[in-house]
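Colleague: For reference, the sequence and a predicted model appear below.
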Amino acid sequence: MARYNGPKTKISRIFGEPILGNGKWLGKNSNPPGQHGATRKRKSLGEYALQLREKQKAKYTYGILERQFRKTFEEAARRRGVTGENLIKLLEARLDNTVFRLGIAPSRPAARQLVSHKHIEVNGEVMNIPSYQLRPGDVISIKEGSKAKESITSQVRGKNPKFNWLDWNETEVKGTFITYPERENVPENIKEQLIVELYSK
């Protein structure tokens, strides 16, 4: 799956939830995309299709391609604990996702762009790898030279209080990755066990 740059609402309609954006049109047109809309007869999904659908949902949500997603899964399987929960923890610990969670960027694609264009620092060093895995204690901030750019600072809105695995210093405009989040604290509606079953075949 190449990086998706098409209509976000179309993807939201496939999964029936706003995984890319606010999904404001889901209420108006919540039918899956395709010819004939609601009148089209649709088969109930089998076990494999449900597992594949859940993996695709996770990939679209976090903006990851197949090879990178599989590598993340393999790393999750190597770690101690429940593989599915480890997978979510690793996805949440990505630098681009953390920039989004801290409220520095309004969306994950915007956060990925900030990182790729060298506007973000980790522990005082410029980091331009969106998939960089953060570790507890890492400090994320906007590069000093980028703080003068209104196009960047105007997007900063601060961290949502419910993300208790992150700390946000509004005065210094920087955040800290405190620890890996527990699964129940991650709001994404992803059934990670189905992904584990898919890769276990």
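Modeller: Structure's in. What do you need? From a predicted model like this one, the values you see are computed outputs, not experimental measurements.

Colleague: hey, where'd the strands end up in the protein?
Modeller: Applying DSSP state E to the chain gives strands spanning 120-122, 125-126, 138-142, 166-169, 174-177.

Colleague: starting at the chain centroid, how far to the longest one?
Modeller: Spelled out, that is strand 138-142. 18 Å (CA atoms, centre = their mean, to the nearest Å).

Colleague: so what strands line up beside it?
Modeller: Partner strands and pairing direction for strand 138-142 (DSSP bridges) are strand 120-122 (antiparallel), strand 174-177 (antiparallel).

Colleague: what does it contact?
Modeller: Here strand 138-142 makes contact (CB atoms under 8 Å, 6 or more residues apart in numbering) with 95, 98-99, 102, 104, 119-124, 134, 152-153, 156, 172-177. Backbone N, C-alpha and C define where each C-beta goes, glycine included.

Colleague: Mark which of the residues you listed are buried, thanks.
Modeller: Buried by 16 or more other CB atoms under 10 Å: 95, 98-99, 102, 104, 119-122, 134, 152, 156, 174-177, out of the contacts of strand 138-142.

Colleague: can you list the domains in the protein?
Modeller: Domain segmentation of the chain under automatic domain parsing yields 8-90+188-199, 95-179.

Colleague: Mind putting the ones you listed into a markdown table with mean pLDDT?
Modeller: Listed next are these as a markdown table, based on pLDDT from 0 to 100:
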| stretch | mean pLDDT |
| --- | --- |
| domain 8-90+188-199 | 82 |
| domain 95-179 | 93 |
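
Colleague: which residues in the chain form helices?
Modeller: 8-15, 47-62, 66-78, 83-92, 95-101, 108-116, 150-153, 192-199 (DSSP state H).

Colleague: hmm, who's touching the fifth one?
Modeller: Taking contacts as CB under 8 Å, 6+ apart, the residues outside helix 95-101 that touch it are 62-63, 91-92, 105-108, 110-112, 114-115, 120, 122, 127, 129-134, 140, 159-160, 163, 166, 175, 177.

Colleague: what's across from the closest residue to Lys159 other than its chain neighbours in the sheet?
Modeller: Sequence neighbours aside, Trp168 is the residue nearest to Lys159 in space, at 3.8 Å (criterion: CB to CB, 6 or more residues apart in numbering). As for beta bridges, Trp168 partners with Gly175 under DSSP bridges.

Colleague: Met127 versus Trp168, what's the distance?
Modeller: Going from Trp168 to Met127 by CB to CB, to the nearest Å gives 18 Å.

Colleague: likewise Val196?
Modeller: On the measure of CB to CB, Val196 and Met127 end up 30 Å apart.

Colleague: One more: Thr83?
Modeller: Per CB to CB, Thr83 is found 27 Å from Met127.

Colleague: again, but for Ala105
Modeller: 14 Å.

Colleague: Looking at those two, which has the bigger crowd around it?
Modeller: Ala105 (23 against 17; other CB atoms under 10 Å).
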